[in-house]
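Trainee: Return a 3D structure for these sequence lines:
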Amino acid sequence: SSYPSETLDKLGEQLALHAEDLNGDGQVVVQVNGYPMAIGSDSTSEVDANTQMASVTRFSVDVQSGDSIIFMADEESFRNVMEMYSLWSYLDGTNPEEGAEDYENMRIAWSEAKGLNSLDLSVSENSLYSNEAVDALMDRLYIGLRCFEGTAIEDDPEKQAYYEKSKALFDWMITGEDAG
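Mentor: Residues are numbered from 1 along each chain as shown. All right, here's what the predicted structure looks like:
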């Protein structure tokens, strides 16, 4: 399902408080992209065909380019992405063996992530969603880290630095403790 853009924007703003300036311009920006998709033959999600095509294309480009390191997905999407792309690493950043299905070691539930649970994602009075509805949507999510070692982006020094900074943010999302 789609997540309110207001919530995704607020999530990016809140996460930026725990991230680093990656390009030296003095600003910290965390971009949260939504990819409404129905993936896998057993998908119960309903997404119109145009949205599906656009989302799959954007997702694929982000994965190939290494622009997205941290992902949030519901149970069904997490499993389907792993089966189709073998995208997820373990929480410590190491790669699972091919065909691994110990998904519980590759993700953490939003509700169990201390840093994420400390964020204020309350919506405005004019929102189409209530705070309770947003909380329910977020509680369906799992957070995972993409594989880096052995990928096409591993040899790029800029992507290596980006991955390391993203991994530090990912660790904060789980523990609620800033590195250092």
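Trainee: Make sure I have this right: E13 is in a helix.
Mentor: Yes - assessed by DSSP: H, G, I helix; E, B strand; the rest coil, E13 belongs to a helix.
Trainee: what about the protein, any weak spots by pLDDT?
Mentor: Scanning the chain for pLDDT under 70 picks out 1, 36-47, 179-180.
Trainee: where do the strands sit along it?
Mentor: For the chain, the strands defined by DSSP state E cover 70-74, 108-109, 141-145.
Trainee: Can you find which helix in the protein contains the most residues?
Mentor: helix 157-175 (DSSP state H).
Trainee: In terms of secondary structure, what does that one contact?
Mentor: strand 70-74, helix 114-117, strand 141-145 (3 or more Cβ pairs under 8 Å, 6 or more residues apart in numbering; DSSP states H and E). Where C-beta positions appear, they are placed from N, C-alpha and C, glycine not excepted.
Trainee: quick one, which of the ones you listed is packed in tightest?
Mentor: With neighbours taken as mean count of other Cβ atoms under 10 Å, the helices and strands packed on helix 157-175 reach their highest mean count in strand 141-145, at a mean of 23.
Trainee: between that one and helix 157-175, how many degrees?
Mentor: Following axes from the mean of the first three to the mean of the last three Cα atoms, to 10 degrees, one obtains 140 degrees for the angle between strand 141-145 and helix 157-175.
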